[in-house]
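Student: Sequence plus predicted model, see below.
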Amino acid sequence: MKELKNSSSKPETQTEDRLLDKLIKQEAELQKLQKEKRQLQKQKDLVEKNYKTITKSPYYKYSWPLRKSINVIKGTWHSVQTAIYGSKYKLTTEENQKLKAKTKKLQKELFVAKEKLKKSKDILEQQQKRETELLLKLEEIDREALLEKVKAANEKGEIIEFLDSMVENRSIHDAKYCESLKQAAKLFINKDDDLKRLVYEKVLTGLKIEEIPEFIIRSAETADSLSLHEVASFRASLSMRARQRQLDRFVPEWMLDNKVDAYSFIDQLGVRRPWVSIETYTFKEIPPKEKIVIKPFDGAGSRGVYLVHSPTHIQDVKRSEIIQSWDELQAYLKADLASGWVEKDEWITEELVLESETEKTAARDLKFYCFYGKVALILEIIRFPEVKYCWWTAAGEQVATGKYEDDRFEGNGVTEAQIQIAEKISAEIPAPFMRIDFLKSGDELVFGEFTPKPGHYDHFDNNTDRLLGEYFLEAEGRLVKDLLLENKFTHFISFLEQSRKIEKL
């Protein structure tokens, strides 16, 4: 299964980056040699300077008779040696043999020393490899030990003090790495654009959004070659959106989070949806009907959701179990409340949508990750006999995203017409992101619900997170343009007026 990839990971880009990396190494070696050359030149200049100083000094000038006498003595001694031993000093046979033996011994010792050095290098390499393996194991041990400390601190009632300590230690640790990465980037401020781009992109992978220095952002704004794709983050965008909701309760996508409101809006668009009961029930009041879905009035996910094919064939969606009587169902509903799976004893019923009427196959879920008129991902889910997941791109490719990797299946995918339905609905909502969920009945899509904040959105892998983050940012840009061009979102405003939510603006 493929992974979602950014355009920056093309083979030609990777080849260029390897060449640039090689160039950086060569430049570093050249700078090293130039530095050594400068140091040698300094030493040479110093020697010449000292020589000139000495030869020009009065001491050197007045010591001339003494220096001449020393040279005469040296010449006389050389003449005496030549007269006694000849023009060349000759060794006796015995002395020559001793010298050869000594040389041979030294050569042998040198060979042994080289072999020891080679073995030492091999041992050192093995030791370094072993140390790396131990460090990896140590990191895992440290992780487990840290988790144990968290549990112990909680049991002792010291969790706040422990958290303060952890936060402080991590802040110090992160600050050191952050400063080092920034310093590495600064070294290339005045380098060639291609080298600068390579180093800056590497640095960006190690920095959080708020840690990126201004000079890198400035470089990206003035140089087309440097991409800030590492900055984009779906996690960060949704987290910031949550903060916006705290500051101003009116965040458009959250106006559609309630099922009743969602149906009111979707009816204006003429999209097929299940019928739903007007009133709510306690679990004892739910009418025993066939072909209905029972679910919590204010719930999320599949907890507390039951598909009633008949009074003797009821499917528990969350537990993937079959319940065979109405009394047994009420026991399950009571257990959902007692365990906290369902918060309030308020239930609604709606139409049961099936994929196959004859086989009593529940409709599979198709969840479209929409970014103001564009679909980026589709999640296909089957829920019986066990829950399985399959991820698709809008281009029809199965992909891995880091979520549900252990529970995948080969899905059926979606059609271009189904993608267009999701994109059309998304374009009517003045928000950069909305997940639009459908049930698939045969070839027909039946609207399920709007999900402004998908559960566990932080579980996406980094590639998927960045890609969805880019979709989010592009959607914000398109949304602002449409607002400036007076796209008035008539359906959405009409929905706000009818539901009296316009008063919250």
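Tutor: Cool, the structure landed.
Student: Return the helix or strand in the protein with minimum mean pLDDT.
Tutor: Using mean pLDDT, DSSP states H and E, the weakest-scoring helix or strand in the chain turns out to be helix 64-85, at a mean of 56.
Student: Helices of the stretch 251-400 of the chain, start to end?
Tutor: 259-268, 326-339 (DSSP state H, counting those that start in this stretch).
Student: now do the stretch 401-505 of the chain
Tutor: Using DSSP H, counting those that start in this stretch, helices in the stretch 401-505 of the chain cover 416-426, 462-484, 490-498.
Student: And the first one, what does it pack against?
Tutor: Okay, so that is helix 416-426. Counting contacts by 3 or more CB pairs under 8 Å, 6 or more residues apart in numbering; DSSP states H and E, helix 416-426 packs against strand 364-370, strand 375-382, strand 434-441. Where you see a C-beta, it was placed from the backbone N, CA and C, and this is true even at glycine.
Student: next one: the shortest one
Tutor: Helices and strands touching helix 490-498, as assessed by 3+ CB pairs under 8 Å, 6+ apart, comprise helix 259-268.
Student: quick one on the thing from earlier: Glu214: which of the helices and strands packed on helix 416-426 is closest?
Tutor: With distances scored as CB to CB, the stretch of the helices and strands packed on helix 416-426 nearest to Glu214 is strand 375-382 (30.3 Å).
Student: what's in contact with that closest one?
Tutor: For strand 375-382, the external contacting residues (CB atoms under 8 Å, 6 or more residues apart in numbering) are 4, 364-370, 387-394, 399, 401, 409, 411-414, 419, 422-423, 426, 464, 467-468, 471.
Student: Check those for burial and list the buried ones.
Tutor: 4, 364-370, 387-392, 394, 399, 401, 411, 414, 419, 422-423, 426, 464, 467-468, 471 (16 or more other CB atoms under 10 Å).
Student: show me where the chain has strands.
Tutor: Listed in chain order, the strands of the chain (DSSP state E) span 2-3, 292-296, 306-310, 313-316, 321-323, 347-351, 354-356, 361-362, 364-370, 375-382, 388-393, 399-400, 434-441, 444-451.
Student: out of those, nearest to Pro274?
Tutor: Judging those by CB to CB, what sits closest to Pro274 is strand 347-351, at 3.6 Å.
Student: what mean pLDDT does that closest one have?
Tutor: For strand 347-351, mean pLDDT rounds to 91.
Student: would you put the C-alpha positions of it in PDB?
Tutor: Only the C-alpha atoms of strand 347-351 are listed here, as PDB (Å, rounded to 0.1, in the frame of the first residue of the first chain):
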ATOM      1  CA  TRP A 347     -31.900   8.200  22.400                       C
ATOM      2  CA  ILE A 348     -33.200   8.700  18.800                       C
ATOM      3  CA  THR A 349     -34.200   6.300  16.100                       C
ATOM      4  CA  GLU A 350     -33.600   6.700  12.400                       C
ATOM      5  CA  GLU A 351     -33.900   4.800   9.100                       C
END
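Student: how much space between Ile294 and Asp465?
Tutor: Using CB to CB, to the nearest Å, one gets 36 Å for the distance from Ile294 to Asp465.
Student: ditto for Gln498
Tutor: 37 Å.
Student: the more surrounded of those two?
Tutor: Asp465 (22 against 13; other CB atoms under 10 Å).
Student: Now for the spatially closest residue to that one that is not a sequence neighbour: which residues touch it?
Tutor: Of all residues not flanking Asp465 in the chain, Phe234 sits nearest, at 5.0 Å (CB to CB, 6 or more residues apart in numbering). Phe234 is in contact with 457, 460, 464-469, 471-472, counting by CB under 8 Å, 6+ apart.
Student: Quick one: those as a markdown table, columns for distance to Pro432 and pLDDT too.
Tutor: Shown next, in a markdown table, are the contacts of Phe234 (distance: CB to CB, whole Å; pLDDT from 0 to 100):
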| residue | distance to Pro432 | pLDDT |
| --- | --- | --- |
| Tyr457 | 14 | 92 |
| Phe460 | 17 | 95 |
| Thr464 | 17 | 95 |
| Asp465 | 15 | 94 |
| Arg466 | 16 | 92 |
| Leu467 | 15 | 95 |
| Leu468 | 11 | 96 |
| Gly469 | 11 | 95 |
| Tyr471 | 8 | 96 |
| Phe472 | 5 | 96 |
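Student: With distance to Lys37 as extra columns, can I get the residues you listed in a markdown table?
Tutor: Shown next, in a markdown table, are those (distance: CB to CB, whole Å):
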| residue | distance to Lys37 |
| --- | --- |
| Tyr457 | 57 |
| Phe460 | 52 |
| Thr464 | 51 |
| Asp465 | 48 |
| Arg466 | 45 |
| Leu467 | 49 |
| Leu468 | 52 |
| Gly469 | 48 |
| Tyr471 | 53 |
| Phe472 | 53 |
